[in-house]
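Student: just to be clear, the model below is a prediction. Sequence and coordinates:
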Amino acid sequence: MTGDSPLEAALVDALEREDATAFVHAGPARDPAIRYCRPELERDPGRHAVAFDGREWRVRSAAEPGARPAGELAEALAADGLSGTVLTPARLPHDAALYLEDAGFSLSSTDVVSRARAAKTDAERSRIEDAQAAAGAGLRRGAAALASAEVVDGRLRLEAEDLTATRLRIAVDEGIVAAGGFPDGETTVSIPGDDLVRPGEPIVLEAAPREPSGYHGALGRTFVRDGEGGSERRAHVGVTRAFRSAAAMLVADAQSVTAVEADLEAEVRAFGFEDGIRTRVAGVGLEPVERPDRGSRTIDEGAVVRLEVGVALEAGRIRLTELFAVGDGNVDRLGSVPRSLDPEGIDGEES
């Protein structure tokens, strides 16, 4: 063993249970499973093949066209006397599978890596919190642009130009970068109608940036500039209460993704909304959406999950996204951006 990695312990159990000789995966450095197995490879832009035999890791890497790290690794495993079954992720590249079979191995699919990734270590949670802080900085900058814009002829204008969804997205991304994060193409601005931002309409800002080592955050807020309340305010209160209910539910016991999504929807329905409710619950880590991400999969201790709740209204959509870390008898909300419909309220204290 190379350390106290929870992944290595899970792999040892899987190898013994399946009577397999090694775990093998191959792919580019950007592959989340490769980065999770061998974090040091994130600094190497080439292609990699990794194997764990229950005692140590073996790695073959190459950047040159035509190189075959998976083939070299398969040959090395066979030359060292390993034989029989190897465990691989379901998404093992086809050429890697062929190299392993040519070296005399049989393949068996396993989800052991994705299951291990679902429970975050303290170091992983810290990185996710860094990404979430960058997301918060981005949304604060977007909200500041909304708050400082002037109303002219039914439109919002900023620095003598129309404020558009595109300009807001750029502002959010600039805030993320200034805070040390990377937008990673995961920033969206949703408004009713065309690209122009107007007072009185819901504007949804969402971001799922990553920090330098690749871990993501997830945050979403809806703002209404010069809003009059009404159904937007009622929907916003319902969504906020839904988060509180789901957090209490996760404290009480391990829950399935489906059960938490149903609880979120039920809380919003309690505020008089029947149609247009959308909820999503999923893990966050090296990918903006990862396990636990659907159905009966359980949200267990150690998980960091994104909870999204949206309600479609005649004037637009109210949607919020929060990130929660599930501990031993506690659930922590990651990030401290207030849930205010008024963009000026984002700099206030959280309720």
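Tutor: On my side now, so go ahead.
Student: partner residues bridging the residue nearest to V289 when sequence neighbours are not counted?
Tutor: Distance criterion Cβ to Cβ, 6 or more residues apart in numbering; nearest residue to V289, sequence neighbours excluded, is A282 at 4.6 Å. Glycine gets a C-beta too; all of them are placed from N, C-alpha and C. For A282, the beta-bridge partners are R306 (DSSP bridges).
Student: return the distance of A282 relative to P212.
Tutor: The spacing between A282 and P212, counted by Cβ to Cβ, to the nearest Å, is 23 Å.
Student: and whichever helix or strand A143 is part of, what does it pack against?
Tutor: Assigning secondary structure by DSSP states H and E places A143 in helix 122-148. Helices and strands touching helix 122-148, by 3 or more Cβ pairs under 8 Å, 6 or more residues apart in numbering; DSSP states H and E, are strand 155-158, helix 165-178, strand 202-207, strand 219-224, strand 304-313, strand 316-326, strand 331-334.
Student: nearest to G230, of these?
Tutor: Nearest to G230, of all these, is strand 304-313, at 9.1 Å by Cβ to Cβ.
Student: still on that earlier bit, run the chain-centre distance for the helix holding A143.
Tutor: Distance of helix 122-148 from its chain centroid, counting by Cα atoms, centre = their mean, to the nearest Å, is 14 Å.
Student: ok, stretch 79-96 next?
Tutor: Distance of stretch 79-96 from the chain centroid (Cα atoms, centre = their mean) equals 28 Å.
Student: that stretch: which residues count as buried?
Tutor: L82, V86, L87, T88, P89, L92, P93, A96 (16 or more other Cβ atoms under 10 Å).
Student: please identify which of these is nearest to G276.
Tutor: After measuring the buried residues of stretch 79-96 against G276 - Cβ to Cβ - the closest member comes out as P89, at 37.2 Å.
Student: what's the distance between that closest one and A22?
Tutor: Separation of P89 from A22 (Cβ to Cβ): 13 Å.
Student: can you check A171 too?
Tutor: A171 is 49 Å from A22, by Cβ to Cβ.
Student: ditto for G230
Tutor: From G230 to A22 the distance is 61 Å (Cβ to Cβ).
Student: tell me the domain ranges of this protein?
Tutor: Following automatic domain parsing, one finds the domains of the chain at 6-117, 122-347.
Student: return the residues in contact with the residue sitting nearest the centre point of the chain.
Tutor: Against the mean C-alpha coordinate of the chain, by Cα atoms, centre = their mean, the closest residue is P288 at 2.3 Å. By Cβ atoms under 8 Å, 6 or more residues apart in numbering, the contact list for P288 reads D184, E186, A208, H216, A218, R306.
Student: one more pass at 10 Å, please.
Tutor: 131, 184-186, 207-210, 215-218, 282, 306 (Cβ atoms under 10 Å, 6 or more residues apart in numbering).
Student: same thing with P202?
Tutor: 190-192, 222-225, 227, 232, 235-236, 311, 313, 315-319, 341.
Student: out of everything not next to it in sequence, what's closest to R35?
Tutor: In space, R35 is closest to E42, 5.1 Å off (Cβ to Cβ, 6+ apart).
Student: and the helices in the protein?
Tutor: Secondary structure of the chain by DSSP state H: the helices cover 6-18, 32-37, 69-79, 94-102, 112-118, 122-148, 165-178, 231-252, 257-269.
Student: and the angle for the fourth one with helix 69-79?
Tutor: With axes from the mean of the first three to the mean of the last three Cα atoms, to 10 degrees defining the directions, helix 94-102 sits at 20 degrees from helix 69-79.
Student: what average pLDDT does helix 94-102 get?
Tutor: Here helix 94-102 scores 97 as its mean pLDDT.
Student: what's the answer for the third one, then?
Tutor: Here the mean pLDDT over helix 69-79 is 97, rounded to a whole number.
Student: so how far is it off the chain centroid?
Tutor: For helix 69-79, the distance to the chain centre is 34 Å (Cα atoms, centre = their mean).
Student: contacting residues around it?
Tutor: Counting by Cβ under 10 Å, 6+ apart, 21-22, 24-27, 46-51, 53, 58-63, 68, 82-83, 86, 92-93, 95-105 sit against helix 69-79.
Student: can you give me the buried ones in that helix?
Tutor: If you call a residue buried by 16+ other Cβ under 10 Å, then helix 69-79 has these buried ones: P69, A70, G71, L73, A74, E75, L77.
Student: picking up where we left off before, which one of G230 and A22 has more residues nearby?
Tutor: Counting neighbours by other Cβ atoms under 10 Å for G230 and for A22 shows that A22 has the greater number, 24 against 11.
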